[in-house]
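1. could you look at this predicted model? Sequence included:
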Amino acid sequence: MVLDGQGAEVDWFVGYDPPAEKFEASLAKITAGDGTFKALTAAYARNPKDVPTVFGLARKWSERYDEAKANEKYREVIALDPQGQAGTYTQDYYKITVPYTEFAEFTIATASLQLSQKPDLGPVRAFLAKYPKSPLAKQAYQRMSSYFGYSAPKDEAAKFFAEYADRFPADPMVLNSWLSRIVRDKEPLDKGAELAAKVEQMTSFNPSPSIQSLLAQFALLKGDKAKAEELYGKTFMDDRTTEFGYDLVGYANFWVNRSENLESAVAAVETALKLQPDSAYFLSQAATAYLKMGREEKALALYGPAFAKKNAADASALSSYAGFWARQGKNLDDALAAAKKAAEAMPGAYYIWMTLSQVQEKLKNVPEAVKALEKAIELAPEQVKETYRKNLERLKASDPAKK
């Protein structure tokens, strides 16, 4: 609540969402008198027939959960602008824009759906009949689904969910809400199996934990423990953890490559490391972020000599480590030791010799870099030999001893 010097209400908003700057901006907007309850009330006193002002007051009361006062203003909107010509409202969360009047009618029509006892469905049905193609239609069905999902008799629930699914057949959450009611009732299993198969197929590209949980519950209801384990067992969560880690690192890479939002990028990659602390890839990405921030000591602590020592028996890890520091032009002595050890362990791997050549070049050991690159060419597949040969020509030309 924000009050003026006389204790009168200027404005309000409920709840807090980070970041703090967003909260501060909301307060600054209020103190500037921009669209506040006080400003709207004054405007309403001057012109009670201005639809945007009346709608603004309705939204203020709605945000404060005072439905009686909100609906009073919504009814004024409908009376003043029955054809919905006075302007539009954008519902930010759903990114939906509709006329003030349509939103007012929707809000009044769905008000009774919040009640715990059997709601009056007449108003919302009338709204859907009047606005069959409204962007708010799905929300109307969603709100009705709360009643049909928990309280309505089974036969009524079955009819409603069949209608709901027919209206939005491509939305897995719609089918999931129907399956949830079936799991609660423990029947009908045949319809549940049909819905479960569709939901699983529709969400296979990015399975949601909440959906997988319900699918597993249905599998257990059918007595199929193996299917439940497949859907929502350890493997599922391990995969989700890995995918989330890569999502975090992808986010970090996006901003690190632009040298922006670096604090957030570092926080993301550190979270990934909490999920998989031994991931060489995650460690290297964290090191990249720290180097971008000028924190070389932190990069080395994560992905420096201690890492090479810990992974002394892993030639591929050592080679990747050496290549990373060669690209950075830092920690080159340890990178050279790692590359040599990798080449000793896997002498037939052409890419390791290429990495060794890169490290030697960064250390300005051109003759040694040439030798390693010649070995890489000897072992490399035909499709990369030509590129390596061009690199070899460039490298030989750069040798100060031959100039």
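-> On my side now, so go ahead.
2. just the C-alphas of whichever helix or strand Ser210 is part of, formatted as PDB.
-> For Ser210, the host element (DSSP states H and E) is helix 209-221. Coordinates of each C-alpha in helix 209-221 appear next as PDB, following Å, rounded to 0.1, in the frame of the first residue of the first chain:
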ATOM      1  CA  PRO A 209       8.000 -33.800 -14.700                       C
ATOM      2  CA  SER A 210       4.400 -33.000 -13.600                       C
ATOM      3  CA  ILE A 211       3.000 -34.800 -16.700                       C
ATOM      4  CA  GLN A 212       5.400 -37.800 -16.300                       C
ATOM      5  CA  SER A 213       4.300 -38.100 -12.700                       C
ATOM      6  CA  LEU A 214       0.700 -38.400 -13.700                       C
ATOM      7  CA  LEU A 215       1.500 -40.900 -16.400                       C
ATOM      8  CA  ALA A 216       3.400 -42.900 -13.900                       C
ATOM      9  CA  GLN A 217       0.500 -42.800 -11.500                       C
ATOM     10  CA  PHE A 218      -1.800 -44.100 -14.300                       C
ATOM     11  CA  ALA A 219       0.700 -46.900 -15.100                       C
ATOM     12  CA  LEU A 220       0.700 -48.000 -11.400                       C
ATOM     13  CA  LEU A 221      -3.100 -47.900 -11.400                       C
END
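3. next SSE downstream of that helix?
-> In N-to-C order, the element after helix 209-221 by DSSP H and E is helix 225-232.
4. contacts for that following helix, please.
-> The contact list for helix 225-232 (Cβ atoms under 8 Å, 6 or more residues apart in numbering) reads 200, 209, 212-213, 215-217, 219-220, 236. To be clear about C-beta, it is placed using only N, CA and C from the backbone, and glycine gets the same treatment.
5. repeat that for 6 Å
-> Here helix 225-232 makes contact (Cβ atoms under 6 Å, 6 or more residues apart in numbering) with 212-213, 215-216, 219-220.
6. downstream neighbour of it in the secondary structure list?
-> Per DSSP H and E, the helix or strand that comes after helix 225-232 is helix 234-256.
7. packing partners for that following helix?
-> Helix 234-256 sits against helix 262-275, helix 280-292, with contacts defined as 3 or more Cβ pairs under 6 Å, 6 or more residues apart in numbering; DSSP states H and E.
8. now the helix or strand that comes right after the shortest one, how far from the chain's geometric center?
-> Okay, so that is helix 280-292. Downstream of helix 280-292, the first helix or strand assigned by DSSP H and E is helix 296-303. Distance of helix 296-303 from the chain centroid (Cα atoms, centre = their mean, to the nearest Å) equals 29 Å.
9. sorry, back to before: show me which residues of the helix holding Ser210 are buried.
-> If you call a residue buried by 16 or more other Cβ atoms under 10 Å, then helix 209-221 has these buried ones: 211-212, 214-221.
10. packing partners of that helix?
-> By 3+ Cβ pairs under 6 Å, 6+ apart, helix 209-221 packs against helix 172-185, helix 189-202, helix 225-232.
11. what's the most buried one of those?
-> helix 172-185 (a mean of 20; mean count of other Cβ atoms under 10 Å).
12. returning to that earlier point: could the buried residues of helix 209-221 go into a markdown table alongside distance to Ser134 and pLDDT?
-> A markdown table is the format used below for the buried residues of helix 209-221 (distance: Cβ to Cβ, whole Å; pLDDT from 0 to 100):
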| residue | distance to Ser134 | pLDDT |
| --- | --- | --- |
| Ile211 | 27 | 96 |
| Gln212 | 32 | 97 |
| Leu214 | 29 | 97 |
| Leu215 | 31 | 97 |
| Ala216 | 35 | 97 |
| Gln217 | 33 | 97 |
| Phe218 | 32 | 97 |
| Ala219 | 37 | 97 |
| Leu220 | 39 | 97 |
| Leu221 | 36 | 96 |
